[in-house]
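>>> Sequence plus the predicted model coming up.
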Amino acid sequence: MVQNRDRAPDNDFFQFESDFVESLRCIPMQVRLKLDTCGVKLKLEHWHRFSAGDRERLTQMPCGDRAATVTYTAFVQALVHRVQGAPASTLAIDPHPPWHNGDEVPASVLAQAASLGASIDLEQWRSLRPLQRFALIKLSRASHENRNFYPALVEFGLARPGAVEQA
């Protein structure tokens, strides 16, 4: 994981995102986690219309406690309102998101790993930080392009580089 010692763990960028982190042309996982935390559905078209400074600020702002989440939500909604003239859609906030559950590996993650000939046991799942679990959950969704799932497994120490042929 690409880390900046001045950032909190939920502000890290992953190596598998390195092809777009420099320009922030895509919404990085750590911002996607914050958006799910505050219940804002941010479209990529909105993200592209934000200034580089605003995108960078969204990566740096905390969203870990109630006050920070309220502040983050207001900031994102103000940005979206500025670029589209109306706020972003909102999503229901899961009070017990699966990335905070170290006691059960989601079926989608197990299935995606199995499709690549890999496996994730409960101890491995427990060893991951919530941001890492979030990334694997998002990367294992059927509606998501899954090309970064195996690189994420390698980066998180759950698989060996080159051990599985990518489909």
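That came in fine, so what should we check first?
>>> which one is the residue most central in space within the chain nearest to, not counting chain neighbours?
Centroid-nearest residue in the chain, with C-alpha atoms, centre = their mean: M29, separated by 2.4 Å. Counting by C-beta to C-beta, 6 or more residues apart in numbering, M29 lies nearest to A135, which is 4.6 Å off, once chain neighbours are set aside. Placement of C-beta: from N, CA and C, glycine included.
>>> Kindly report the same for C38.
T73 (4.1 Å).
>>> So that neighbour is in contact with K41, correct?
No: T73 lies out of contact with K41 (C-beta atoms under 8 Å); the separation is 11.8 Å.
>>> Show me which of the two is the more surrounded one.
Between T73 and K41, counting by other C-beta atoms under 10 Å, T73 is the more crowded of the two (20 against 12).
>>> Secondary structure element holding the more buried one?
helix 66-84 (DSSP states H and E).
>>> What residues of that helix count as buried?
69, 72-73, 75-77, 79-80, 83 (16 or more other C-beta atoms under 10 Å).
>>> right, and the helix or strand after that helix?
strand 89-90.
>>> Do me a favour and get the end-to-end distance for stretch 78-93?
19 Å (C-alpha to C-alpha, to the nearest Å).
>>> For it, which outside residues touch it?
36-43, 46, 49-50, 54, 58, 76-77 (C-beta atoms under 8 Å, 6 or more residues apart in numbering).
>>> ok, Q112 - contacts?
By C-beta under 8 Å, 6+ apart, the contact set of Q112 is 136, 139-140, 146, 149.
>>> make that I27, sorry
35, 42, 44, 47.
>>> residue contacts, F20?
26, 28.
>>> Kindly recompute the last result at 7 Å.
C26 (C-beta atoms under 7 Å, 6 or more residues apart in numbering).
>>> pretty sure it is in a strand, no?
No: using DSSP: H, G, I helix; E, B strand; the rest coil, the assignment for F20 is helix, not a strand.
>>> pLDDT score for it?
We have a pLDDT of 81 for F20.
>>> again with the one 3 residues further on
Among the per-residue scores, S23 shows a pLDDT of 81.
>>> For the residue nearest to it when sequence neighbours are not counted, give me the pLDDT.
Distances taken as C-beta to C-beta, 6+ apart put A52 closest to S23, at 8.0 Å, once the chain neighbours are dropped. In this prediction, A52 carries a pLDDT score of 94.
>>> Tell me how many other residues crowd A52.
For A52, using other C-beta under 10 Å, the count is 9.
>>> same check, this time on R25
12.
>>> Okay, the nearest residue to it once chain neighbours are set aside and Q84: tell me how far apart.
Ranked by C-beta to C-beta, 6+ apart and with sequence neighbours excluded, the top spatial neighbour of R25 is H48, at 7.5 Å. Distance of H48 to Q84, computed by C-beta to C-beta, to the nearest Å: 12 Å.
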